[in-house]
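Task: produce atomic coordinates for the following.
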Amino acid sequence: MRLSLKIGEHDLETKLRKVSGFLEDGHKVKLSVFFRGREMAHQNLGRDLLERSIEKLDYDIAVEQKPTMQGRYMTTMIRRK
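Next comes the predicted model:
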């Protein structure tokens with residue numbers, strides 16, 4: 001699921017509902033934040049967004065891959081315990 005630093009709270013909740021459905025079905029989910037232009041200087045905000053997204057999910061989440069930068073994307077892989 002691709003996220004943006006400028007995502008609104010309601011849009012984030014909508015995407016996380018979709019992620020919850022995938023996790024309920026037993027799938028792994030890759031969360032990524034795309035950085036545009038000068039947003040690259042604020043990678044800590046992207047890491048905070050990913051951590052906040054994981055906290056909002058109601059399940060016992062196992063993080064398979066910690067947040068890492070891959071070009072302009074910061075990605076993490078999660079699954080249900």
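
Where do the strands of this protein begin and end?
Per DSSP state E, the chain carries strands over the ranges 2-4, 29-34, 61-70, 73-80.

Now mean neighbour count too, for those, in TSV please.
Bear in mind the C-beta positions are built from the backbone N, C-alpha and C, glycine included. Converted to TSV, the strands of the chain look like this (neighbours: other Cβ atoms under 10 Å):
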stretch	mean neighbour count
strand 2-4	15
strand 29-34	19
strand 61-70	13
strand 73-80	18
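
Dump these to TSV, plus mean pLDDT and distance to Glu13.
Shown next, in TSV, are these (pLDDT from 0 to 100; distance: least, Cβ to Cβ, whole Å):
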stretch	mean pLDDT	distance to Glu13
strand 2-4	87	12
strand 29-34	96	14
strand 61-70	94	16
strand 73-80	95	17
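
Tabulate these in a markdown table, adding columns for distance to Asp48.
Compiled in a markdown table, the strands of the chain are given as follows (distance: least, Cβ to Cβ, whole Å):
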| stretch | distance to Asp48 |
| --- | --- |
| strand 2-4 | 11 |
| strand 29-34 | 10 |
| strand 61-70 | 10 |
| strand 73-80 | 11 |
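
How many neighbouring residues does Arg38 have?
7 (other Cβ atoms under 10 Å).

What distance do you get for the residue lying closest to Arg47 once chain neighbours are set aside to Leu45?
Nearest residue to Arg47, sequence neighbours excluded (Cβ to Cβ, 6 or more residues apart in numbering): Pro67, at 5.3 Å. Applying Cβ to Cβ, to the nearest Å, the value for Pro67 to Leu45 is 12 Å.
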